[in-house]
Each structure stands twice: as structure tokens, then as C-alpha cells.
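Visitor: Need the 3D shape of this:
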Amino acid sequence: MSQLTAVLIGAGSRGAGGYAPFALDYPHELKFVAVAEADPVRRDKMAQAHGIPPEHCFETWEGLLAQPQLANIAVICTQDRMHYEPTMQALNKKYHVLLEKPMSPDPLECLDMEQAARDNDRLLSICHVLRYTPFWLTIKQAITDGRIGEIASIQLNENVGYWHIAHSFVRGNWNNSDKSSPMILAKSCHDMDVLSWLMDKPCTRVSSFGSLMHFNADHAPVGSAERCLDCSVESSCPYSAPRFYLSNQFKGWARHFTPDLVKENIIQGMRETDYGRCVYRSDNNVVDHQVVNMEFEGGATAMFSMCGFTFEQERRIQIMGTRGELRAEEDKITLYDFLTHQKTEITIPPQTTGHGGGDAGIVRSFLNEVRHYNGQEGLTSAATSVRSHLMAFAAEESRLNGGKTIVLTDYAKDLVSAK
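Guide: The predicted structure is shown next:
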């Protein structure tokens, strides 16, 4: 199996931590030869781990892409609003591109990137990693095999977890849609993609409701302060930063603001970064709960619920078919047959890589698509991703307009006209 080469643009938790480790585990398949990262600590750590020479370490993506093409592949894992320009330039440089989700918070940029991939005859795949996990692949195979008949309806719950929403979407990088993306894209474009994939039919209509109900100044406890370390009621707050980052259970999340997880550094980070701010006094504006109703071609329906107020961080799905039902959560899938009344349980083995095996799975699949590329679309190609992104954009449009029903064909036509 031939080794492919790659450059990494954005060496954060997803780039350096999620996808790049594949090259360390399977060096005969992939080698990273250059990195662009503004943070010198992250840049040096990536360079040391992968043996990248100093002349191929860049502070900016512009510096890297100003060079002649250095590799077969560009893996782009910048922040949401920094995806468009490096992706367009990388495609124009004839890189095959693996791009972190979401494509962009701007639907017109998504359409542009899809077209640029076609114009340059290159793969542009989006990191919808759930499709590459044994859990979701097993569910998809059960549907494809006809084990529950034709899908009539799907209910999908994304239980974000009370600590995860506080860390990432109240204090963290995805807390403000003006700087990143709305929640339906930043967190739940995975779910829109899974629903589109499982249904395997175009979505026709969408409506949505949701709000920032709790994490705002109106709910700040009496006696609370701007920062948890200065707060007189911190010990009674379930979202306390010290409760998270000084505990063995959640200490690993502190890597987002300090590379060295010693207590002194964590405390300093809580004093100096947004990760120590009160969850009721941050500059967050994304929703803390949202529901989306969808109708698909042929009449099947889906209901999606995202909520930050859950004890577990998990997804639970119920798929109702004309001949049976499928229920799944974590590593357990249960099939119910209407004809035989038989209940079949399928246990999925635990995965050691991120996202239930999806991080390694998508890299492996993308490498195979690059090796055998002859103009075909990949499993999570830009064209495929645009379909589910439009569902998310339409859902947000509905939510912001009182739950108005959005017809997807009309919404897509209006976007194309706007171009």
C-alpha cells in the first residue's frame, strides 16, 4: 500500500489530536510533511511528533500554501470561519482536501467549495466522522438489508452533556455564532448528515425551535462573580470551572487552555482565559437546546433534539420502519421484527480512537479514495455534505423566524440566485 503525504493546516485538538495520529499508527500509509499553526507550542509539538523539518513549519496557512505543492493531501482543521480561503487555495494548488466540519457557516461558501473541487478535479471530503464508525455503519447496514422495512420515521437525540456544553459552547471556541457557527452547524451538522445518510432521500421541509434559555445573565445566581475563582457561590454551581478542570474526570478538557495539566497551570488558565468565566456572564449566544422537524421525499419524517442539559454525553436513535424497529444507544443496537416478534441485540465493540473509531476510519477511507481517485465522489464528499448543511441552515433560518416551515428546494434556489 503506497504511502501518501499530507500537510496539516490547524494543529489543534481535531487536526493534531484527531486525524494526524493515524500517520503515527500507520506510517506506511501516511506521512505529514508540513504544518501551519499560529500557536508555536502546538506547531512545535506537531513537528516533533511527525519529524517535520523547520523549513516546513509555518505560522500561517498563507505561508504554507504559497509554497509549491508539498504533498498529495491538505488536512484543514482551522476554526469554522477560517475554512473557506485555505480550502479554496488548497484545491487550486491541486491538493486533495480533508476538511473539518462544518464546511462553513456561510452557505454560499459551501457551494463555492463544492464547485472548486469539481473545477480542480480533486476530492474535497468533510469530516462527518460518524459515518465511519462501526456503530453507525451497523445501523446503516441493517436498514440497507431491509431488516426494518421502509423507514417511516426517525427520532434522534443528541445529549450534549452538561459539562460539554459549558466547556465548548458557553466558554469555548464555539460559544458565539458571530465568531464560529450556530449550534446546529458547530455541534449538530453530524446529526443532520447522519439523518440524510440513513434516510437516503432528499429532505423537503424543515422547521425548528430552540433558544439560549439558561446560560444568560438572567439566571446568574445571587452572589456570583465574573470568574469562578472569585465566586462566593461557586461550590453550589454544577457548571463551576474548578469543579471541571481540577477533577480527575474532566481535567483532560483543560488541554484547550494549557498544554501542561499541572494544577498551577490550570488555575492560571482559569484566571486568564474564557474557560474560567462564569457560564452566566460569558459572551455566548448559541442555543442550549433545539429541536428540528424534517420531512423527506416520499413522506418519511424525522425529529432531532439537541440538548445541553443531560448527564450523559451520547446519541440515542429510534428508527421506525414498516416491518420493524431499531433502537440504539452508545454500543448497543436492538432490532425488533414485527412479523416474528423477535428481538435481536447487536453489541458494538468499544473503539480506542476518537469519535467511536470515526477519526481513524475517515482518514483510512479518504486515503483509499485518493489512491483510487478517478473523478468519483467520496462517502462524505462536499456534494454530499452540502445537502445536510442546507438542512442545518434551513433549520436555523426557521428557528430565527418563529419556527416557520422552510421548503428546501425554494431555499436552495434562493441561495443560487444570491450567487
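
Visitor: Next, the buried residues of stretch 375-383.
Guide: 378, 380-382 (16 or more other C-beta atoms under 10 Å). No exception for glycine: its C-beta is placed from N, CA and C like everyone else's.

Visitor: Buried residues of the lengthiest helix in the chain, list them for me.
Guide: Using DSSP state H to define each element, the chain has its longest helix at helix 382-399. By neighbour count, and taking 16+ other C-beta under 10 Å as the criterion, the buried residues in helix 382-399 are 382, 384-399.

Visitor: okay, that helix in CSV with CA atoms only?
Guide: Extracted C-alpha coordinates of helix 382-399, given in CSV (Å, rounded to 0.1, in the frame of the first residue of the first chain):
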residue,chain,number,x,y,z
ALA,A,382,-18.6,18.2,-0.5
ALA,A,383,-21.6,17.5,-2.6
THR,A,384,-23.0,15.1,0.0
SER,A,385,-22.2,17.5,2.8
VAL,A,386,-23.8,20.4,1.2
ARG,A,387,-27.1,18.5,1.3
SER,A,388,-27.0,18.1,5.0
HIS,A,389,-25.6,21.6,5.6
LEU,A,390,-28.6,23.1,3.8
MET,A,391,-30.8,21.2,6.2
ALA,A,392,-28.9,22.8,9.1
PHE,A,393,-29.0,26.3,7.5
ALA,A,394,-32.7,25.9,6.9
ALA,A,395,-33.3,24.8,10.4
GLU,A,396,-31.5,27.9,11.8
GLU,A,397,-33.5,30.1,9.4
SER,A,398,-36.7,28.6,10.7
ARG,A,399,-35.7,28.9,14.4
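
Visitor: gap between Gly308 and Thr5?
Guide: 40 Å (C-beta to C-beta, to the nearest Å).

Visitor: who's more crowded, the two?
Guide: Gly308 (27 against 14; other C-beta atoms under 10 Å).

Visitor: So that one is in contact with Asn284, correct?
Guide: No. Using C-beta atoms under 8 Å, Gly308 makes no contact with Asn284, being 11.0 Å away.

Visitor: anything in contact with each of those two?
Guide: Common neighbours of Gly308 and Asn284, counting by C-beta atoms under 8 Å, 6 or more residues apart in numbering, are Phe169.

Visitor: Count the neighbours of the residue lying closest to Ala217 once chain neighbours are set aside for me.
Guide: Nearest residue to Ala217, sequence neighbours excluded (C-beta to C-beta, 6 or more residues apart in numbering): Tyr280, at 5.9 Å. Tyr280 sits with 19 neighbouring residues when counted by other C-beta under 10 Å.

Visitor: and Tyr280, that one's in a strand?
Guide: No. Under DSSP: H, G, I helix; E, B strand; the rest coil, Tyr280 falls outside any strand and is assigned coil.

Visitor: doesn't His219 make contact with it?
Guide: Yes. In this structure, Tyr280 is within contact of His219 by C-beta under 8 Å, at 5.5 Å.

Visitor: still on that earlier bit, got a list of what the residue nearest to Ala217 touches?
Guide: The neighbours of Tyr280, taking C-beta under 8 Å, 6+ apart as the test, are 215-217, 219-221, 224.

Visitor: how about CSV for those, with distance to Asp80 and neighbour count added?
Guide: Below are these laid out as CSV (distance: C-beta to C-beta, whole Å; neighbours: other C-beta atoms under 10 Å):
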residue, distance to Asp80, neighbour count
Phe215, 20, 26
Asn216, 22, 17
Ala217, 25, 10
His219, 27, 11
Ala220, 28, 17
Pro221, 32, 13
Ser224, 30, 20
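
Visitor: Restricted to helices, list those residues.
Guide: Reading helices off those, I find no matches (DSSP H).

Visitor: could you redo those as JSON lines and give each row distance to Arg327 and pLDDT?
Guide: Shown next, in JSON lines, are those (distance: C-beta to C-beta, whole Å; pLDDT from 0 to 100):
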{"residue": "Phe215", "distance to Arg327": "31", "pLDDT": "98"}
{"residue": "Asn216", "distance to Arg327": "35", "pLDDT": "97"}
{"residue": "Ala217", "distance to Arg327": "40", "pLDDT": "96"}
{"residue": "His219", "distance to Arg327": "34", "pLDDT": "97"}
{"residue": "Ala220", "distance to Arg327": "39", "pLDDT": "97"}
{"residue": "Pro221", "distance to Arg327": "38", "pLDDT": "96"}
{"residue": "Ser224", "distance to Arg327": "41", "pLDDT": "96"}
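
Visitor: a markdown table for these, including distance to Thr60?
Guide: As requested, the contacts of Tyr280 are exported to a markdown table (distance: C-beta to C-beta, whole Å):
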| residue | distance to Thr60 |
| --- | --- |
| Phe215 | 33 |
| Asn216 | 36 |
| Ala217 | 37 |
| His219 | 40 |
| Ala220 | 39 |
| Pro221 | 43 |
| Ser224 | 39 |
